[in-house]
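Colleague: Here is my input; please provide its structure:
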Amino acid sequence: MRRSKLYKSQLSTIEENRVYDILDAVKALKEMPQPKFNQTVEVAFKLGIDPRKSDQTVRGAIPLPKGTGKEVSVCVVATSAEAEEAKAAGADFVGMEDIIEKIKDGWLEFDVLIATPEAMKQVRPLGRQLGPRGLMPNPKTGTVTEQTGNAVKEAKAGRVEFRADRGACVHVPIGKVSFAAEDLVENFEAVLHAIEAAKPATAKGVYIQSCAATATMSPSVKINLKQYAR
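Modeller: Numbering: from 1, shown residues only. Sure thing, here's the model as predicted:
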């Protein structure tokens, strides 16, 4: 695979085969030559699960203590008090039938969709539109709830969702390269603890097998998790 000059210059700044402590890992990403935009920092975990088994699904959401560095647009499908609570919390779009009809027509100009349990009766048939974009509300991620105000505040503050893919890997953003290294570490630790808490009871052997951090256009840096071993 051909690599860009930027990638090659970034690669030259890290030690081959070194496994970095998380603080050193994010510092290494920050010290690499940077493109002309504020890159997203992401961590990837390889898990010891069998994602083909329904009882070994790993999925959840966690508010990042230092946020994501991204403005989040939140849409809420609700009526009555729950709708008013969502508006007061700062939701960008709130409605019921009108929102449902707009989504049916292809409107998806939001980052997070929250719905009350009652509203899900009308939201579920929109799976074809919402599913491929990862926008379908789900109780496991806190986006199906009657506490719409709290859900909106969490989403706005920087809640991230995670889900193991077919290769048993989980990819989660933890902020921007412009963040202080200590803030990226704090976000990382919140994500790590959430993934540990989501361990399926049926998973055997080593649960978190490896971890690496990367930025949008950078090589990855392997992370040493020994300091977090329990």
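Colleague: Contacts only, for V160.
Modeller: Counting by Cβ atoms under 8 Å, 6 or more residues apart in numbering, V160 touches 61-62, 64, 68, 172-174, 191. The way it works is simple: take the backbone N, C-alpha and C, and place the C-beta from them, glycine included.
Colleague: from those, which ones fall inside helices?
Modeller: In this view, these that belong to helices under DSSP state H are V191.
Colleague: Where neighbours are concerned, which of the contacts of V160 has the most?
Modeller: Among the contacts of V160, the one with the most neighbours (other Cβ atoms under 10 Å) is I174, at 28 neighbours.
Colleague: thinking again about what came up before, most widely separated two among the contacts of V160?
Modeller: Maximum pairwise distance among the contacts of V160 (Cβ to Cβ): 13.8 Å, between A61 and I174.
Colleague: May I ask which of the contacts of V160 comes out lowest in pLDDT?
Modeller: In terms of pLDDT, the lowest of the contacts of V160 is A61, showing 87.
Colleague: And for V123, nearest residue in space, chain neighbours not counted?
Modeller: Spatially, and ignoring its direct neighbours in sequence, V123 is nearest to A115 (4.9 Å; Cβ to Cβ, 6 or more residues apart in numbering).
Colleague: for D165, same thing?
Modeller: The shortest distance from D165 to any non-neighbouring residue, by Cβ to Cβ, 6+ apart, is to P51 (7.1 Å).
Colleague: In three-state terms, label that neighbour for me.
Modeller: coil (DSSP: H, G, I helix; E, B strand; the rest coil).
Colleague: give me the number of residues near I100?
Modeller: Using other Cβ under 10 Å, I100 is surrounded by 17 other residues.
Colleague: Number the residues from 45 up from this point.
Modeller: From this message on, residue numbering opens at 45, which makes the last subject I144.
Colleague: wait, what's in contact with it?
Modeller: 121, 166-167, 170.
Colleague: Buried residues, the helix or strand it falls within. List them.
Modeller: Assigned by DSSP states H and E, I144 belongs to helix 141-148. Neighbour-count burial for helix 141-148, counted by 16 or more other Cβ atoms under 10 Å, picks out 143-144, 147.
Colleague: Show me where this structure dips below the pLDDT cut-off.
Modeller: Within the chain, the segments meeting pLDDT under 70 span 45, 274.
Colleague: What ranges does it have for its strands?
Modeller: For the chain, applying DSSP state E gives strands covering 84-91, 103-107, 118-121, 137-139, 156-159, 203-207, 213-220, 252-259, 265-266.
Colleague: For S53, which of those strands is the nearest?
Modeller: So among the strands of the chain, strand 252-259 is nearest, using Cβ to Cβ, at 13.5 Å.
Colleague: Alpha carbons only: can I get that closest one in CSV?
Modeller: Output of strand 252-259 as CSV, limited to C-alpha atoms (Å, rounded to 0.1, in the frame of the first residue of the first chain):
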residue,chain,number,x,y,z
ILE,A,252,-9.5,-7.0,26.2
GLN,A,253,-6.8,-8.5,24.0
SER,A,254,-5.2,-5.4,22.6
CYS,A,255,-5.7,-1.6,22.3
ALA,A,256,-4.3,1.1,20.0
ALA,A,257,-4.8,4.8,19.5
THR,A,258,-4.9,6.7,16.3
ALA,A,259,-5.8,10.0,14.8
